[in-house]
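[1] kindly return the folded structure for what I paste below:
(chains A and B)
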Amino acid sequence: MNLLEGVTVASFNHFLAGPAGAQILGDLGADVIAVEPLDGAFHRNWAVNGTFVDGQSVNFISTGRNKRSVAFDLKSEAGKEIARRLVTKVDVVMENFRPGTMAKLGLGYDDVKALNPRVIYASASGYGSSGPYRDKPGQDLLVQAISGLAARTGRADGPPTPAGPTVSDHHTGAFYALGVLAALIGRGRTGKGCLVEVDLLSAALDVQFESLVCYLNGGRSPSSRGAGNLAAWYSPAPYGIHATMDGHVAISMGPMKPLAEAFELPELAAYSEKDQFDKRAEIVGKIRPRVAAKSTAHWLEVFGRLGIWHAKVQDYDEVVLDAQVRHNRMIQTMPGATGAPISMVMHPVRYDGEVPEVRLVPQPLGAQTRDVLAELGYSTDRVGELEAAGVIRTHPGQVAAE
Amino acid sequence: MLLKMRVVSFCHYLQGPACTQYLADMGADVIKIEPPNGAFERHWSGGKSFINGVSAFLLSANRNKRSFAIDLKRPEAQAIIRRLIGSADAVVENFRPGVMDRLGLGYDELRKLKPEIIYASATGLGASGPDRDRPGQDLLMQARSGLMAATGNHETGPVAVGAATIDQHGGALLAMGILAAFVRRLQTGKGTRVEASLLNSGIDLQVEALTKYLAKRPGRAAFKHDRHVGSWYHDAPYGVYPLADAHIAVSMNDAAKMTRALKSERLKALEGLDRYVERDRYAQAIAAELKPRRFADVAKDFDAEGVWFERVRDYDDLINDPQAKHNHVFREVPIRGTTATLVNHPLRYDGQVPEYKGVPLDIGEHSREVLSELGYAAAEIDSFIASGVIVAPATTD
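    Have a look, this model is predicted:
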């Protein structure tokens, strides 16, 4: 399965959202050429609290598959020439430097468009390519703070709480790929290229649009965050996480009658759907001690029998073992570039029932420098000179997935 | 960009409608199929938020679509819906697995009708597998995917993210998959079955965190941390701290920088600390330094040292945020004599925000128009409406 057969992408990306977006296109079959500096992209050398697997950063393992690695010095004249040849040849250029950096390198949209009029040029930034926050650091936690996501998560009687994982980064990555695909389709029809721009802040708002549109149009509650055990400021009772005797269970939307039966509290049946919102603190107050009195296993059985929408709150060890997660083949372990096993979270969408394959595990730095330079018309001798001059970095060869 | 792409949307709730709204924003002709009494999202709204009777939930994910209301259980509906699908590039649905098959509209049926169709399904947990029939809903998938366990701290226990992030992300992923299939079809003429699920979406939102976890398998203990620390897998000070007059998010910053910015002997003494292993100790020291200070003072000191930080904003701050305004992230639109505010499509194409063409406020608002485009004569359309197979608002003329 190779949906993007023949599509070529030059990826000038680092950190998380940018490489994640490029990896989506690589998963779908595009030839993604990751351009890296001589000492490797940031996320190759850095990992959250220094977690490496046999020398490979977990951040690189997160976003490095199905890409070829080309390493050269973008600041040197010879390196700039390589970059110009590359962007002339590809369908798509993706970059997530701070606004203005690519232009300084002679690789801004106008520069690239002059070389390659049909190019699709996609930029990911923290806050947008212009505007008052243009030069601020764009990082997931900070964007959660600005976008209201942190203020709207947690308990009413507690502080603002960020989502633990970097959800804004990953949502941005999906849009980065989505925008490129839309532009490819548009180009197929009109022959024209496009500048596609995505930013973390816009993506962080998009990921909350149900909650935000409710708020923007008059939805209010006494507190920014859910009272008691409620999941959010706009949740009706008992929508939220409830502590059992030995764990936690999430209860979703649904009518009160089965809940009255589950908790042996006949008075619950009298609450209307409207009450579930207006009297939610009162309802949760009645339910809480009941849930806490029995085990998670007990409630899973009772809720299942009564058709109450529920789920056990699972920790990562349970997620890894989860029967449906395994069925969906979302997590795969295979030998990485060094031979040591690496575990990856796979592309989340299925095409004709198939998980996009891993054609290339995350590659060593410069594993395809020689191949790509040859494709760009550089002779073997010239590649040797460039290497001797310290303009490029090569590696003996690519590592195919087993 | 997607002009001339026609999408027939059998979607309700949020994941499916969000997906087709992303496509509609990009120019696709999205025809929203609704039952005679209207889609679920017309009648329900989180926080009971209605604007002159129009659900804010409907407004959030149904702009730029046309509404086509039909009673799919009536035998006459089959021919109409098949003619409609025959004119389309993609079908998107988010019923429970098996429902579309029972309606005679499963992938295998429609592929016979139109081999190049792109057939996209959004499910809760997957179109097959042991739990394919369980209810798939944002909160439940937050529980199941570990997103709750990875949010909050050891005082709070697991915490739900306070917005339907998995639904939204699932919608974006499905739209992305449809476009990838469309690129293939333009090149090869082949159709594709595309499947997204909330469970996979919840996992995809955690790629970085999960990959880190899978590398070391640190177990449950890793999720226990001081209340100021913002995630289970970052070094302190990464997290949210109370100030005298606000809350502040402090991102990844090195220890020497923090010492200089806060001019603190207490922090200087901790500079050699492993800020992951002893993240609680370091976070508590940062918290003690920050607690009595005011935001304006801290911001000045942090800016001088290049510390990565932001004040935690609530929605009211966001509405007035200068960058959000600059980016045109909100859009005021007229709704039944008043004004509603929507969140715009998050991407910019050649610097432009996709245009707004309206929300179908009436059930079947475009039923007549769509039938007419399919070649039905006015008399036929009237008879469909009279017999209740098709629902459309009464004509005013």
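[2] got the residues of the stretch 251-397 of chain B near chain A?
    B:251-252, B:275-276, B:308-315, B:317-319, B:321-324, B:326-327, B:329-330, B:340-343, B:345-351 (Cβ under 8 Å from any Cβ of the partner chain). All C-beta atoms are positioned from the backbone trio N, CA, C, and that covers glycine.
[3] could you flag which of those residues are buried?
    B:251-252, B:275-276, B:308-315, B:318-319, B:321, B:323-324, B:327, B:329-330, B:340-343, B:345-349 (16 or more other Cβ atoms under 10 Å in any protein chain shown).
[4] so which of the residues you listed are in strands?
    Judged by DSSP state E, strands contain the following of those: B:309-311, B:330, B:340-343, B:348-349.
[5] just put those in CSV and tack on pLDDT.
    Putting those into CSV (pLDDT from 0 to 100) gives the following:
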residue, pLDDT
B:309, 97
B:310, 97
B:311, 97
B:330, 95
B:340, 95
B:341, 95
B:342, 95
B:343, 95
B:348, 94
B:349, 95
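[6] greatest separation within those residues: which pair is it?
    B:309 and B:340 (34.2 Å; Cβ to Cβ).
[7] so for chain B, the centremost residue is which one?
    residue B:168 (1.1 Å; Cα atoms, centre = their mean).
[8] am I right that it is in contact with residue A:211?
    No. Using Cβ atoms under 8 Å, residue B:168 is not in contact with residue A:211, being 9.6 Å away.
[9] where does residue B:185 land in three-state SS?
    Look at residue B:185: counting by DSSP: H, G, I helix; E, B strand; the rest coil, its state is helix.
[10] not counting its neighbours along the chain, what's nearest it?
    Distances taken as Cβ to Cβ, 6 or more residues apart in numbering or on different chains put residue B:116 closest to residue B:185, at 6.0 Å, once the chain neighbours are dropped.
[11] tell me the buried residues in the helix-or-strand element of chain A with minimal mean pLDDT?
    When the helices and strands of chain A are scored by mean pLDDT, DSSP states H and E, helix A:273-278 comes last with a mean of 91. Going by neighbour count (16+ other Cβ under 10 Å), the buried part of helix A:273-278 is A:275-277.
[12] between those residues, which sits nearest chain B?
    Of all the buried residues of helix A:273-278, chain B sits closest to residue A:277, with 5.2 Å by Cβ to the nearest Cβ.
[13] who touches the residue nearest to the closest one when sequence neighbours are not counted in this structure?
    Among residues not flanking residue A:277 along the chain, residue A:236 sits closest, at 4.4 Å (Cβ to Cβ, 6+ apart). Neighbouring residues of residue A:236 by Cβ atoms under 8 Å, 6 or more residues apart in numbering or on different chains: A:253, A:273, A:276-277, A:280.
[14] distance to residue A:115 added to those residues, as TSV?
    Shown next, in TSV, are the contacts of residue A:236 (distance: Cβ to Cβ, whole Å):
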residue	distance to residue A:115
A:253	54
A:273	60
A:276	60
A:277	57
A:280	59
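[15] related to what we said a few turns ago, pretty sure the residue nearest to residue B:185 sits in a helix.
    No. Under three-state DSSP, residue B:116 sits outside any helix and is assigned coil.
[16] got the contact list for it?
    Per Cβ under 8 Å, 6+ apart, neighbours of residue B:116: B:185, B:189-191.
[17] also residue A:238?
    A:229-230, A:251, A:259, A:280, A:283-284, A:287 are the contacts of residue A:238 under Cβ under 8 Å, 6+ apart.
[18] from those residues, which are also near chain B?
    Counting by Cβ under 8 Å from any Cβ, no member of the contacts of residue A:238 reaches chain B.
[19] tell me how many other residues surround residue A:245.
    Using other Cβ atoms under 10 Å in any protein chain shown, residue A:245 has 13 neighbouring residues.
[20] you'd agree it is up against residue A:290?
    No. Here residue A:245 lies out of contact with residue A:290, judged by Cβ under 8 Å, at a distance of 11.0 Å.
[21] work out for me the element the spatially most central residue of chain A sits within.
    Nearest to the geometric centre of chain A sits residue A:170, at 1.6 Å (Cα atoms, centre = their mean). Take DSSP states H and E as the rule and residue A:170 turns out to sit in helix A:167-190.
[22] and the helix or strand just after that helix with helix A:167-190, angle?
    Next in sequence after helix A:167-190, counting helices and strands by DSSP H and E, comes strand A:194-199. Angle, strand A:194-199 to helix A:167-190, by axes from the mean of the first three to the mean of the last three Cα atoms, to 10 degrees: 170 degrees.
[23] quick check: mean pLDDT of strand A:194-199?
    Average pLDDT, strand A:194-199: 97.
[24] and chain B, is that strand touching that?
    Yes. Residues of strand A:194-199 contacting chain B under Cβ under 8 Å from any Cβ: A:194-199.
[25] just the buried residues from these, in ChimeraX please.
    In ChimeraX, this line selects whichever of these come out buried by 16+ other Cβ under 10 Å:
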select /A:194,195,196,197,198,199
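[26] can you map out the strands along the stretch 251-397 of chain B?
    B:309-311, B:330-335, B:338-343, B:348-349, B:390-391 (DSSP state E, counting those that start in this stretch).
[27] need the residues that contact the fourth one.
    Spelled out, it's strand B:348-349. Counting by Cβ under 8 Å, 6+ apart, A:179, A:182-183, A:186, A:194-198, B:1, B:26 sit against strand B:348-349.
[28] sorry, back to before: then the helix or strand following the least confident helix or strand of chain A to PDB, C-alphas only?
    Next helix or strand after helix A:273-278 toward the C-terminus (DSSP H and E): helix A:280-292. Taking C-alpha atoms only, helix A:280-292 is exported to PDB below (Å, rounded to 0.1, in the frame of the first residue of the first chain):
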ATOM      1  CA  ARG A 280     -24.500  18.000  38.500                       C
ATOM      2  CA  ALA A 281     -22.600  18.600  41.700                       C
ATOM      3  CA  GLU A 282     -25.500  17.200  43.700                       C
ATOM      4  CA  ILE A 283     -25.700  14.100  41.500                       C
ATOM      5  CA  VAL A 284     -21.900  13.500  41.600                       C
ATOM      6  CA  GLY A 285     -22.000  13.900  45.400                       C
ATOM      7  CA  LYS A 286     -24.500  11.000  45.700                       C
ATOM      8  CA  ILE A 287     -22.600   8.800  43.300                       C
ATOM      9  CA  ARG A 288     -19.100   9.300  44.500                       C
ATOM     10  CA  PRO A 289     -19.300   7.300  47.800                       C
ATOM     11  CA  ARG A 290     -21.100   4.400  46.000                       C
ATOM     12  CA  VAL A 291     -18.400   4.000  43.400                       C
ATOM     13  CA  ALA A 292     -15.700   4.200  46.000                       C
END
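[29] packing partners of helix A:280-292?
    Applying 3 or more Cβ pairs under 8 Å, 6 or more residues apart in numbering or on different chains; DSSP states H and E, one finds that helix A:280-292 makes contact with strand A:240-243.
[30] helix or strand right after the strand it packs on?
    Strand A:240-243 is succeeded, C-terminally, by strand A:248-251 (DSSP H and E).
[31] what does that next one contact?
    Taking Cβ under 8 Å, 6+ apart as the rule, strand A:248-251 contacts A:231, A:238-242, A:259, A:291, A:296, A:299-300, A:303, A:308-313, B:139-140, B:142-143, B:148, B:157-158, B:160.
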